[in-house]
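A.B. asks: Need coordinates for the following:
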Amino acid sequence: MLSKNQVKYLQSLRLGKFRQLNRAFIAEGVKLVDDLLNSHFRIRIIYGTPTWIESHQRIIASQEFVIQEVTEEELKKISNLVTPNEVLAVVGYPDSAIPSPETFGNIILLLDRIQDPGNLGTIIRTADWFGIGHVFCSPDTVDVYNPKVIQATMGSFCRVSLHYTDLKQLLISLSDTWRIYGTISDGESIYNTEPEFPAAIIIGNESKGISEEYFPLLTHRVGIPSRSKGAESLNAAVAAGIICSEFSRRLMVNG
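C.D. replies: Here you go, the predicted structure:
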């Protein structure tokens, strides 16, 4: 049976200050927890229904974390979901060190002040789809461990490394060897651009776009042409998906 202290602790992890304090976050549902069980993340405790525990006996037997059986009613008390899905995991934060650029691959994403949890989660999911292993965020981008972000990734956060850092300093460090693409509304059409790699792609804030301080560091300004007479802009996550698709296609074509 869940104690009042356990319920209070789990509910506190919905708030960023308590996630930071405890260096832990929550992931829910069969798909997310299955991905976590096969990832580098360290699970601290799993709260699972008898059905989930029975179907995962083999894999959890080899793991070093606590398993607590809960009823469906108890799961509702600690869940962030309208319809809880069998299991909830408390997971420790991973190492936050910025890796060496040699490990970045051919494409990285830089997110400047993305605020909407759904957008961030979708961008991470998009990066995973196109094999982009590293996403870098400005410190004022929404917290990746916000429960809404985690759910929106559909498990892709387990395969894409997310880093919060000073984007300007990162861009300066890459400027000698990387091409830096800023996505702006009046930039050159991505369909007329011949991308060069390795490529760092900056996606700007939903309403304000890319910060002007990054403009002097851009080697290319690119945009997505519109055929509408009234639409002002694209959703940030949709724009990121289109850009990633085109850059990935060009990378494959050019070998």
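
A.B. asks: list the buried ones in the longest helix seen in the chain?
C.D. replies: For the chain, the longest helix by residue count, based on DSSP state H, is helix 236-254. In terms of neighbour count (16 or more other C-beta atoms under 10 Å), helix 236-254 has its buried residues at Ala236, Ala237, Ala239, Ala240, Gly241, Ile243, Cys244, Glu246, Phe247, Ser248, Arg250, Leu251. (Glycine included, C-beta is placed from N, CA and C.)

A.B. asks: Gly182 contacts Glu213, correct?
C.D. replies: No: at 11.4 Å, Gly182 does not count as touching Glu213 under the criterion of C-beta atoms under 8 Å.

A.B. asks: Those two: which has the busier surroundings?
C.D. replies: Taking neighbours as other C-beta atoms under 10 Å, Gly182 and Glu213 compare with Gly182 leading, 25 against 11.

A.B. asks: of the buried residues of helix 236-254, closest to Phe65?
C.D. replies: Ala237 (32.3 Å; C-beta to C-beta).

A.B. asks: Now that closest one: closest residue in space that isn't a chain neighbour?
C.D. replies: Leaving aside its chain neighbours, Ala237 sits nearest to Thr122 (3.9 Å; criterion: C-beta to C-beta, 6 or more residues apart in numbering).

A.B. asks: do Thr141 as well
C.D. replies: Spatial nearest neighbour of Thr141, chain neighbours left out: Ile114 (4.8 Å); criterion: C-beta to C-beta, 6+ apart.

A.B. asks: sorry, back to before: show residues contacting the longest helix of the chain.
C.D. replies: For helix 236-254, contacts defined as C-beta atoms under 8 Å, 6 or more residues apart in numbering pick out 106-107, 109, 114, 116, 118-120, 122-123, 126-127, 129-132, 181, 183, 190-191, 194-195, 197, 199, 201, 203-206, 222, 224, 234.

A.B. asks: can you pull the buried residues of stretch 56-72?
C.D. replies: Buried positions in stretch 56-72, judged by neighbour count with 16+ other C-beta under 10 Å: His56, Ile60, Ile67, Val70.

A.B. asks: List the residues that contact His163.
C.D. replies: Contacts of His163 were listed using C-beta under 8 Å, 6+ apart, and they are Ser96, Ile98, Pro99, His134, Val135, Phe136, Cys137.

A.B. asks: State which strand of this structure is the longest.
C.D. replies: Of all the elements of type strand in the chain, the one with the most residues (DSSP state E) is strand 179-189.

A.B. asks: for the helix or strand following that strand, packing partners?
C.D. replies: Note on strand 179-189: by DSSP states H and E, the next helix or strand toward the C-terminus is strand 199-203. If you count contacts as 3 or more C-beta pairs under 8 Å, 6 or more residues apart in numbering; DSSP states H and E, strand 199-203 packs onto strand 107-111, helix 167-174, strand 179-189, helix 236-254.

A.B. asks: now what about whichever helix or strand comes after strand 199-203, what contacts it?
C.D. replies: Counting by DSSP H and E, the next helix or strand C-terminal to strand 199-203 is strand 220-223. Applying C-beta under 8 Å, 6+ apart, the contact partners of strand 220-223 are 179-190, 193, 243.

A.B. asks: Who does strand 220-223 pair with, and is each partner parallel or antiparallel?
C.D. replies: Paired strands of strand 220-223, with direction, are strand 179-189 (parallel) (DSSP bridges).

A.B. asks: Pick out the residue nearest the middle of this structure.
C.D. replies: The centre of the chain sits closest to Ile124, judged by C-alpha atoms, centre = their mean, with a distance of 3.7 Å.

A.B. asks: This completes my enquiry, with thanks.
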